[in-house]
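A.B. asks: sequence first, predicted coordinates after that:
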Amino acid sequence: MSESVKNYKKEAISIARDFHYSTSILARLNNATTESEICRLMIEGRHSKRYY
């Protein structure tokens, strides 16, 4: 994994925590290895988020 992907992953996990994404999304982000996978998971987290 390149340095830029590691930084992107760290930032994505931080943002996901800030937006209270589900624990399953956070776990999958921790296991993600590519930028496209991280991006897809962030989109999935945004679409599955419930706003009350």
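C.D. replies: Sure, I can see it.

A.B. asks: what average pLDDT does whichever strand or helix holds Met42 get?
C.D. replies: Assessed by DSSP states H and E, Met42 sits inside helix 35-48. Averaging pLDDT along helix 35-48 yields 94.

A.B. asks: buried residues in it, which are they?
C.D. replies: Ile38, Leu41, Met42, Gly45 (16 or more other C-beta atoms under 10 Å). For the C-beta atoms, the positions are set from N, CA and C on the backbone; glycine is no exception.

A.B. asks: also stretch 6-16?
C.D. replies: For stretch 6-16, by 16+ other C-beta under 10 Å, it's Tyr8, Lys9, Ala12, Ile13, Ala16.

A.B. asks: contacts for that stretch?
C.D. replies: Met1, Ile25, Leu26, Leu29, Asn30, Ala32, Glu35, Ile38, Leu41, Met42, Gly45 (C-beta atoms under 8 Å, 6 or more residues apart in numbering).

A.B. asks: likewise for stretch 32-48?
C.D. replies: Against stretch 32-48 from outside (C-beta under 8 Å, 6+ apart): 1, 4-5, 8-9, 12, 15-16, 19, 21-22, 25, 28-29.

A.B. asks: just checking, which of those belong to helices?
C.D. replies: Within the contacts of stretch 32-48, residues falling in helices by DSSP state H are Ser4, Val5, Tyr8, Lys9, Ala12, Ile15, Ala16, Ile25, Arg28, Leu29.

A.B. asks: most widely separated two among those?
C.D. replies: The span of the ones in helices among the contacts of stretch 32-48, defined through C-beta to C-beta, is set by Ser4 and Ile25 at 21.5 Å.
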